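K.L.:
Next input, structure requested:
(4 chains)
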There are 2 protein chains.
Amino acid sequence: MMVEERVAQMVARLKDGEHRITPQRLAIFKILASSAGHPSAETIYGALLKEYPTMSLATVYKTLAFLKQEGEVLELQFSDLGNRYDGNKPYPHPHIICTGCGEIVDPCLFDLNDITQKMMAETGFTIVAHRLDFYGLCPECQQKNLNDLAG
Amino acid sequence: MMVEERVAQMVARLKDGEHRITPQRLAIFKILASSAGHPSAETIYGALLKEYPTMSLATVYKTLAFLKQEGEVLELQFSDLGNRYDGNKPYPHPHIICTGCGEIVDPCLFDLNDITQKMMAETGFTIVAHRLDFYGLCPECQQKNLNDLAG
DNA sequence: TCCTAATGGATAATTATTTTCCATAAGGAA
DNA sequence: TTCCTTATGGAAAATAATTATCCATTAGGA
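P.N.:
Residues are numbered from 1 along each chain as shown, chains lettered A, B, ... in the order given. Purely as a prediction, here's the structure:
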C-alpha cells in the first residue's frame, strides 16, 4: 500500500469514530506510514521536531496509545529496546530482530492459523492475537563480527 | 524434571562457572524451579520475604540477570505486565497469555525448527532464538465474561 | 581459621511511559 | 464565516520497573 493511501485510510477510520484529525496526529500518521522499520516513540518524536518544534513526547505517546486502541498500529513491547510501533501492518506477523544493531525486519508472511487452531483446541483459550519474533544477527552484523575477529 | 533435580542442576552449573551459591540465590532457584507459572521479580521477592526478611528486590533482579546470562532462566519481556521469568524451561517455547488475568501457560510443545530454517534462508539472518506468544482469554476469564454479561 | 573477591542490601539513579491540568484549536452548528 | 463545545496538545510532574552505587558482609578455597 502506498504511503498516502495508508494515511488516508487512517484518517477515514478515525473520522468515522468521531475523532479529530489534528496536524500533529496527521504528521504522526505520515511517519508511521512511511517507516519501513519499526520506530520507537522517541524516534517518531525526533523526526517530528524539525517540522513541529513544539511537539511533545506525551503527544506522541497519546497518539500511539490511541492508534493502538483503534487497531491502527501494532505495538511490539521490549523492556530493553523500548516499545516499537508498526503502522503499516497493524496485525500479528513475524519479525526478525537483530541482537547486534536492533534492526527489526519483516520477513515474507506466512500464517499461524493452523497452529493457532490447535492451540485453542488444546488449551481452551480463545486466542485473538499472537506474536512471533526471531532473534539473531543480520547479515551486516555477521560481517562486522568477522571483521572484528580478523582485525 | 523434579524441583530438587532442577535446583541441583542450577547449583552444579553455577559452581562450574566459579560462582558462589549463597542462601539467597538458592532460595531464588527453588522458587523458580517450583513455579509452574511465570513469576515476576516482584512475585519472587514477595514469596521470599517471609523466609528472608532482609531480602532486597535488587538482589532478586541481580540474580535473575545473572541466571539469564548463564542461560538458566528465560526472560519474557512485557512493558505492561512487567517481565516474567521461566526457570524450568530456559529455552524458547510457545506461551499463551490471558489478556484477562495475566496468566501465562505453557501449551504442549511443538518446535519451529522448520520455520526457523526457512527464515534464515530467506533473510540471511543467523537466528539463534525466538519467541512465540499467543494472546487470548483463558477458560476462566471467558466464563467470567459470560457471567458479567448475564449479571 | 584466614583471606579475598564476590555478593547482598539500602538507597539513589535511570529510563520509559503515563497522568494532570489548563489553554488551545478542530470542526460541526448556526 | 463565526461561534461553541469539547477533544486535544503541551509542559511538567508522577509512576513504575529496572539498574547502578557503595560499602559491609560472607562464601568457600587456601
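K.L.:
all strands of chain A, in order?
P.N.:
Ranges of strands in chain A, per DSSP state E, are A:74-76, A:84-86, A:95-98, A:104-105, A:126-137.
K.L.:
what's across from the residue nearest the centre of chain A in the sheet?
P.N.:
In chain A, the centroid-proximal residue (CA atoms, centre = their mean) is residue A:86; its distance is 1.9 Å. Legend: beta-bridge partners of residue A:86 under DSSP bridges are residue A:74.
K.L.:
Also residue A:97?
P.N.:
Bridge pairing for residue A:97 - DSSP bridges - gives residue A:104, residue A:135.
K.L.:
Could I get the full set of helices for chain A?
P.N.:
Here chain A has its helices, by DSSP state H, at A:3-16, A:23-34, A:41-49, A:57-69, A:113-123, A:139-150.
K.L.:
highest average neighbour count across these?
P.N.:
Ranked by mean neighbour count, the helices of chain A are led by helix A:23-34 with a mean of 19 (mean count of other CB atoms under 10 Å in any protein chain shown). Glycine gets a C-beta too; all of them are placed from N, C-alpha and C.
K.L.:
and that one with helix A:3-16, angle?
P.N.:
Relative orientation of helix A:23-34 and helix A:3-16, computed by axes from the mean of the first three to the mean of the last three CA atoms, to 10 degrees: 130 degrees.
K.L.:
Are helix A:23-34 and DNA strand C in contact anywhere?
P.N.:
Yes - Helix A:23-34 reaches DNA strand C (CB under 7 Å from any atom of the strand) through residue A:23.
K.L.:
so what does that helix touch, helix or strand wise?
P.N.:
Contacts defined by 3 or more CB pairs under 8 Å, 6 or more residues apart in numbering or on different chains; DSSP states H and E place helix A:23-34 against helix A:3-16, helix A:41-49, helix A:57-69.
K.L.:
Now mean pLDDT and distance to DNA strand C too, for those helices, in a markdown table please.
P.N.:
Shown next, in a markdown table, are those (pLDDT from 0 to 100; distance: least, CB to the nearest atom of the strand, whole Å):
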| stretch | mean pLDDT | distance to DNA strand C |
| --- | --- | --- |
| helix A:3-16 | 89 | 7 |
| helix A:41-49 | 96 | 5 |
| helix A:57-69 | 96 | 3 |
